[in-house]
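>>> A structural model of the following input is requested.
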Amino acid sequence: MIPARRARNCPGTRSPRAWQRGFTLIELLITVAILAMLAGGAMTFADVAVQRTQEQELRSALRQIREGIDAYKVAADANRVKKSADESGYPPDLDSLWRGVPDQSDPKREKKIYFMRRLPRDPLADPSLPAAATWGLRSYASEAADPQPGRDVFDVYSLSPRVSLGGRPYREW
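Numbering: from 1, shown residues only. Model (predicted):
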């Protein structure tokens, strides 16, 4: 008989501790599969976070532009902005909101009224376009269901064909 001590060291025999030193192929495959599922979930979460940030930027930009349009209309109704009898009083284009218009209440007509510091761009639009080209324009004369540009800018909307996280098209915001 071989002593117990020698039997452990003989080739072809394994002690119970030898099985605890490594992983089996199945354990490794299961671990890799779990990590892949977690990574996929993290990527989906990151995509949602990016879209949520873009939506917040879009809301803010729309609010800024609409407030500028409304301030222009108030100034036009107060005769501080030049308008003819056949005009609505809304700005002729988006650029006049940040470039400024002559103040009609200034006797020398040297001062300008500015309604925005800068024109925000649509965060969902092509970044190579100028800010004014990233927005869809609706004139005062067009229907809300079918916004069309015209002689003035009554409202703006996103040109993105995408849908928000809430399921509503960005175009309808």
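>>> any low-confidence regions in this structure?
1-20, 41-43 (pLDDT under 70).
>>> all helices for it, in order.
4-9, 25-77, 95-99 (DSSP state H).
>>> Check which residues of the shortest one are buried.
The reference is to helix 95-99. Across helix 95-99, burial judged by 16 or more other C-beta atoms under 10 Å covers 96-98. Where you see a C-beta, it was placed from the backbone N, CA and C, and this is true even at glycine.
>>> Name the nearest residue to the residue nearest in space to the middle of the chain, ignoring sequence neighbours.
Centrality entry for the chain: nearest residue to the mean C-alpha point is Q54, 1.8 Å, by C-alpha atoms, centre = their mean. In space, and not counting its chain neighbours, Q54 is closest to P123: 4.7 Å by C-beta to C-beta, 6 or more residues apart in numbering.
>>> go on, N79?
Q104 (5.9 Å).
>>> Near the one you found, how many residues? Count them for me, please.
17 (other C-beta atoms under 10 Å).
>>> Can you name the residues that contact it?
In this structure, Q104 makes contact with 79-82, judged by C-beta atoms under 8 Å, 6 or more residues apart in numbering.
>>> what about it, distance to P92?
15 Å (C-beta to C-beta, to the nearest Å).
>>> again with I113
I113 is 14 Å from P92, by C-beta to C-beta.
>>> Comparing the two, which residue is more hemmed in?
Using other C-beta under 10 Å as the criterion, I113 and P92 rank with I113 on top: 18 against 15.
>>> G100 is in contact with the more buried one, correct?
Yes. Using C-beta atoms under 8 Å, I113 is in contact with G100, at 6.0 Å.
>>> and L137, how many residues sit next to it?
Neighbours of L137 (other C-beta under 10 Å): 19.
>>> S139 too?
Neighbours of S139 under the rule other C-beta under 10 Å: 16.
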